[in-house]
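Chemist: got a predicted structure here, sequence first:
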Amino acid sequence: MADIQAPKGTKDILADSVSCWQWVESTARQLFSQAAYREIRTPIFEQTQLFERGIGEATDVVGKEMYTFLDRGDRSMTLRPEGTAGVVRAYLENGLHAQGLQRLWYTGPMFRYENPQKGRQRQFHQIGVEVLGSKDPRADAEVIALAWDLLKGLGLGDLRMDLNSVGDGDDRDRYRTALVDYLTPYHGDLDPDSQDRLSRNPLRILDSKNEKTQTIVQNAPSILDHLSPESRQFFDRVQQSLADLGITYRLNPCLVRGLDYYTHTAFEIQSDNLGTQATVCGGGRYDGLVAELGGSVTPAVGWALGMERLVMLLQQLQTVPQPRVDCYLVSRGEKAEAQSLRLAQGLRHLGIAVELDLSGSAFGKQFKRADRSGAVTCLILGDGEAEAGAVTVKWLQSGTQETRPQADLLAHPEILRQEPPTQTPPA
């Protein structure tokens, strides 16, 4: 039988990488908490019509990339391809719309059937935020600032942001007509996907990656020239708020994002260190989605970032803090090994990170592992120490060591986290 492997487009996240994921998640959790955002957790599969109505049947996500199946009740279900539609469904179903403004965030796996490549998998993970119930342009600036602060807080400096407005429904209708009028004479020169989009979803042609199509759209009409006075005023206020926060950006009229529910503000944050898959975070306003899913008209804005790309970038830049190990505990002999487990647990209960060597091998091999562990100290417990109720503490950087009663160590565990002061010899 052939070896069983992970499905194409999925990856195991091994222990060496998980610490980076946890660091990103804990940094995000702390930042969101400071801004009064609360976590929400939604199912990883939903009724298919949620995404057909919410994302748009003309999008590539719905038309080509969803993992859809019939359950045993012949109901069409889909593994979630993105997080916003599920959050809005939960917002409506659980009556959150009656509780005023909602600041929410989420994290978890998403699924899209697409060609796997660097930074893009069929099962991928996102962290996202959503603000539901505010039409204030400051909400747009707040969520963008959260994304910017999160990435900066993780140590990323080489970032740039693209910003655009796609206006409201009337703005897009006017612009769509102008764009189709411009592109129709070039129909035969467009790439096949763009030819298909010309009738179904022409705005998506603007972010085509095909070089010939990109050349054509460079001279296309700008959506910024088709905004109503009200949409222009809204976008101006978003830009002013970002300027007030010192967040830099460039206007990109070709930025439309890939989902039909976007209105007004659209943005992407990119890193040049990721090559062609440069976008780390993207989002915008989606004032029509709640109504599309059966609620009343509700303004909303949010974003999502891809964890795989972000972790890859952090590891590439070597900004990831390593897990902390305070001490490495080695033991040899029946009585010493029994005491070692009790001592390790006692120190752990006091907040000391202890790695207990379970190999039972000779002290020499255990000492080598201690040296590689990154610990501050090595605790040595042989039968002699066990008989005396003591333990030898060796500070690995200096090589200094001393024997102490185990009870003394449990009473003063802080000594395991730092080198002892250098002793000045008497004059």
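Modeler: Received it, and whenever you're ready, just let me know what you need. Numbering: from 1, shown residues only.

Chemist: please enumerate the strands of the stretch 51-200 of the chain.
Modeler: Applying DSSP state E, counting those that start in this stretch to the stretch 51-200 of the chain gives strands spanning 68-70, 76-79, 102-111, 123-132, 159-165.

Chemist: from those, which stretch is densest packed?
Modeler: Each of the strands of the stretch 51-200 of the chain was scored by mean neighbour count; the highest is strand 123-132, a mean of 22, by mean count of other CB atoms under 10 Å. Quick note: C-beta positions are derived from backbone N, CA and C, even for glycine.

Chemist: and the closest residue to Lys11 other than its chain neighbours, how close does it get to Met110?
Modeler: Sequence neighbours aside, Gln121 is the residue nearest to Lys11 in space, at 6.1 Å (criterion: CB to CB, 6 or more residues apart in numbering). Distance of Gln121 to Met110, computed by CB to CB, to the nearest Å: 10 Å.

Chemist: any low-confidence regions in the stretch 1-150 of the chain?
Modeler: 1-2, 58 (pLDDT under 70).

Chemist: chain center to stretch 61-74: distance?
Modeler: From the chain centre to the centre of stretch 61-74 is a distance of 25 Å (CA atoms, centre = their mean, to the nearest Å).

Chemist: brain fart, stretch 296-305
Modeler: 18 Å.

Chemist: can I get the CA coordinates of that stretch in PDB?
Modeler: Written as PDB, here are the backbone C-alpha positions of stretch 296-305 (Å, rounded to 0.1, in the frame of the first residue of the first chain):
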ATOM      1  CA  SER A 296     -31.200  45.300   7.900                       C
ATOM      2  CA  VAL A 297     -28.800  47.600   6.200                       C
ATOM      3  CA  THR A 298     -25.700  47.600   8.500                       C
ATOM      4  CA  PRO A 299     -22.400  49.300   7.900                       C
ATOM      5  CA  ALA A 300     -19.400  47.100   8.500                       C
ATOM      6  CA  VAL A 301     -15.600  47.000   7.900                       C
ATOM      7  CA  GLY A 302     -12.900  44.500   8.500                       C
ATOM      8  CA  TRP A 303      -9.800  42.600   7.300                       C
ATOM      9  CA  ALA A 304      -8.000  39.300   7.300                       C
ATOM     10  CA  LEU A 305      -4.400  38.300   7.200                       C
END
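
Chemist: what's the helix or strand for Val393?
Modeler: Using DSSP states H and E, Val393 maps to strand 390-395.

Chemist: against which helices or strands is that strand packed?
Modeler: strand 377-381, strand 401-405, helix 406-411 (3 or more CB pairs under 8 Å, 6 or more residues apart in numbering; DSSP states H and E).

Chemist: quick check: Thr265 is in a strand.
Modeler: Yes. Membership of Thr265 in a strand is supported by DSSP: H, G, I helix; E, B strand; the rest coil.

Chemist: was I right about it contacting Asp140?
Modeler: Yes. In this structure Thr265 lies within contact range of Asp140 using CB atoms under 8 Å: 4.5 Å.

Chemist: list the contacts of Glu419.
Modeler: Applying CB atoms under 8 Å, 6 or more residues apart in numbering to Glu419 gives the contacts Val376, Trp395, Gln397, Ser398, Thr400.

Chemist: one more pass at 7 Å, please.
Modeler: Glu419 makes contacts with Trp395, Gln397, Ser398, as judged by CB atoms under 7 Å, 6 or more residues apart in numbering.

Chemist: if I look at it, how far off is Asp357?
Modeler: 22 Å.

Chemist: try Asp189
Modeler: Asp189 sits 67 Å away from Asp357, going by CB to CB.

Chemist: what about Gly346, how many residues close to it?
Modeler: 16 (other CB atoms under 10 Å).

Chemist: how is this structure divided into domains?
Modeler: Domain ranges of the chain: 15-168+228-317, 327-417, per automatic domain parsing.

Chemist: quick check: bridge partners of Gln126?
Modeler: Counting by DSSP bridges, Gln126 is bridged to Gly108, Gly306.

Chemist: ok so, going back, any chance of CSV for the domains of the chain, columns distance to Arg204?
Modeler: Compiled in CSV, those are given as follows (distance: least, CB to CB, whole Å):
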stretch, distance to Arg204
domain 15-168+228-317, 7
domain 327-417, 49
